[in-house]
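K.L.:
Here is my input; please provide its structure:
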Amino acid sequence: MTAPTAPVVSQLAQTHLQLFRQLHCNGYPAAEVAMLASAYRAMMSLFANRFRSCGTPFVVHLVGTSAVLVWLKLPIHVVLAGLAHAAYQEGDFPNSLEGMTARKRQWLAKVIGTEAEALVAAYTVGSRSVNGIRDSYARFAQMSFAERHVLRMQLANELDDYRDLAANHAANADERIAAIRQTATLQVEMAEWLGHSQLAQALQETYAHAMAASIPAALMSPFADAHPILPNSCRIRPDILARRLGVKIRNRLRRHVGIG
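P.N.:
Numbering: from 1, shown residues only. The predicted structure follows:
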């Protein structure tokens, strides 16, 4: 595996404990650190069985995205939104197939606050495709204050997607690298326009690192997207299902004939 030296952004938090320390070192009040800790516990539950295409637990990506926003010293509601940014798209809700619903929004608003939840909702309906990034670039001057926070979340997400060569290990790595070849310059410029020269530099370095990397086939993931992995202890084997069904039938028969 060959690539240039990794950028300094790779040192940003990727565990919740590192993230708490990063918040403290960047001057966030203890009450705000506690808010993030509470939100992290909720995300642990929501993403307990979710993994990124590269094989990383999804919650690590949530922490990494949030850490970029802490590094930029953004308000706590933006940091919280970064931690929960994929909740509606990838979170394991009971009705996950229904997408973003009013009930889910109410639940997440209780977890991270209404201001942060509104950013997550806007992030969910936004687009990070090549065309979506081009559209953001074209209409940057017309973006509202909140929309620029959503753009910061998108850039933080992209930065974490490519740091440590995460995207290079995905089954669709070629497609991902092709996308940044088309949009890297636009993203770097938008980071500068947002007033984050350090983010612009990190994106430039991280994308160069990713585009130059060569990953051995043995280290490639078979997955192109996020996916669930259910522990064996949580799976119900066919023989157990059959046994449970047999018990139900026996109990109903007993009740029917008045036995037991």
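
K.L.:
Now do the same for I240: its pLDDT.
P.N.:
For I240, the pLDDT comes out at 54.

K.L.:
let me fix that: S127
P.N.:
Reading off the model, S127 has pLDDT 89.

K.L.:
Show the backbone phi and psi for the residue nearest to it when sequence neighbours are not counted.
P.N.:
Computed as C-beta to C-beta, 6 or more residues apart in numbering, the closest residue to S127 that is not its neighbour in sequence is D135, at 7.2 Å. C-beta: built from backbone N, CA, C; applies to glycine. Main-chain torsions, D135, degrees, to the nearest 10: phi -70, psi -40.

K.L.:
D135 touches S129, doesn't it?
P.N.:
No. Applying C-beta atoms under 8 Å, one finds D135 not in contact with S129, separated by 9.1 Å.

K.L.:
Helices along the stretch 1-150 of the chain, start to end?
P.N.:
16-25, 30-46, 58-71, 76-83, 87-90, 102-112, 114-125, 130-138, 145-162 (DSSP state H, counting those that start in this stretch).

K.L.:
quick one, what contacts Y207?
P.N.:
Taking C-beta atoms under 8 Å, 6 or more residues apart in numbering, we find Y207 in contact with Y162, I180, A184, Q187.

K.L.:
Can you tell me which residue is spatially central in this protein?
P.N.:
L62 (4.2 Å; C-alpha atoms, centre = their mean).

K.L.:
And that one, how far from A184?
P.N.:
23 Å (C-beta to C-beta, to the nearest Å).

K.L.:
need the contact list for N26.
P.N.:
V70, W71, K73.

K.L.:
In those residues, which residue is surrounded by the most others?
P.N.:
Greatest neighbour count in the contacts of N26, by other C-beta atoms under 10 Å, goes to V70: 25 neighbours.

K.L.:
Tell me the predicted confidence for that residue.
P.N.:
97.

K.L.:
contacting residues for the closest residue to G113 other than its chain neighbours?
P.N.:
Residue nearest to G113 in three dimensions, not counting chain neighbours: H77, with 6.0 Å by C-beta to C-beta, 6+ apart. Shown in contact with H77 (C-beta under 8 Å, 6+ apart): I112, G113, E115, A116, L119.

K.L.:
got those as JSON lines, with neighbour count, distance to S53 and pLDDT columns?
P.N.:
As requested, the contacts of H77 are arranged in JSON lines below (neighbours: other C-beta atoms under 10 Å; distance: C-beta to C-beta, whole Å; pLDDT from 0 to 100):
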{"residue": "I112", "neighbour count": "25", "distance to S53": "25", "pLDDT": "98"}
{"residue": "G113", "neighbour count": "17", "distance to S53": "30", "pLDDT": "98"}
{"residue": "E115", "neighbour count": "16", "distance to S53": "31", "pLDDT": "98"}
{"residue": "A116", "neighbour count": "26", "distance to S53": "26", "pLDDT": "98"}
{"residue": "L119", "neighbour count": "24", "distance to S53": "24", "pLDDT": "98"}
